[in-house]
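In: Quick one, fold the following:
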Amino acid sequence: MKTATITELKKELQTKEQSELVDLCLKLSKFKKENKELLTYLLYESNNEDKYILNVKKEIDLQFLNINRKSTYFVQKNVRKIQRNVKKYIRYSKQKETEVELLIHFSRLLYDLLFTIKSSVLENILNRQITVVKTKLSSLHEDLQFDYECEIETFLTAKKS
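Out: Numbers count the residues shown, from 1 in each chain. Next comes the predicted model:
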């Protein structure tokens, strides 16, 4: 079966009635958890981005608390899973401020984790995240850039002293 392009899908969806569109969305949400999560975000959480960020941060906190610390292998595996989830939540929102906010939160928690578990792999993940955040910052407003840069420097220097 050949997959239709986005423009073909858009044209076809425009010809459908509202009830048919609702049925299509429901069928789509039954196939993958991600589809259902995206639909949930679009319907309930996209109107209040601050609340969405707060909820995602709470979930990230919970995931960091539940990391299996039996070996560094499991810690690294859990951190990568959390990182994938963060990227997924960023894709749902598509807002630059949300992206930077969530990446900084993830980086802060990872930095704190590095003080309990020494791992060069985790350090590399953290360094890459900081680099990504700094490149994403360049696309934001100057005031936001300054605020976020201060936030990054605060948590990076807090534990060193």
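In: Please point out which parts of stretch 108-118 sit buried.
Out: Of all the residues in stretch 108-118, those buried under the rule 16 or more other Cβ atoms under 10 Å are 108-111, 113. C-betas here are computed from N, CA, C, even on glycine.
In: Also stretch 65-72?
Out: Going by neighbour count (16+ other Cβ under 10 Å), the buried part of stretch 65-72 is residue 67.
In: Distance from that stretch to the middle of the chain?
Out: On the basis of Cα atoms, centre = their mean, to the nearest Å, stretch 65-72 sits 21 Å off its chain's mean C-alpha point.
In: Please save the CA atoms from it in CSV.
Out: Taking Å, rounded to 0.1, in the frame of the first residue of the first chain, the C-alpha atoms of stretch 65-72 are listed here in CSV:
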residue,chain,number,x,y,z
LEU,A,65,13.0,9.3,41.0
ASN,A,66,12.2,5.9,39.6
ILE,A,67,15.5,5.3,37.9
ASN,A,68,16.9,1.8,38.5
ARG,A,69,20.2,2.5,40.2
LYS,A,70,21.5,-1.0,40.5
SER,A,71,24.2,-0.4,37.9
THR,A,72,25.3,2.4,35.7
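In: Pull the contacting residues for the residue nearest the centre of the chain.
Out: Closest residue to the average C-alpha location of the chain: residue 86 at 2.6 Å, with Cα atoms, centre = their mean. Counting by Cβ atoms under 8 Å, 6 or more residues apart in numbering, residue 86 touches 56, 60, 102-103, 106.
In: Looking at those, which are in strands?
Out: Per DSSP state E, strands hold no members of the contacts of residue 86.
In: wouldn't residue 152 be in contact with residue 106 here?
Out: No - look at residue 152 against residue 106 with Cβ atoms under 8 Å: they stay out of range, at 11.9 Å.
In: what about the two, which has more around it?
Out: Ranked by neighbour count (other Cβ atoms under 10 Å), residue 152 and residue 106 place residue 106 first, with 26 against 20.
In: Double-check the more buried one against residue 63; I have them as touching.
Out: No - with contact defined as Cβ under 8 Å, residue 106 does not count as touching residue 63 (9.7 Å).
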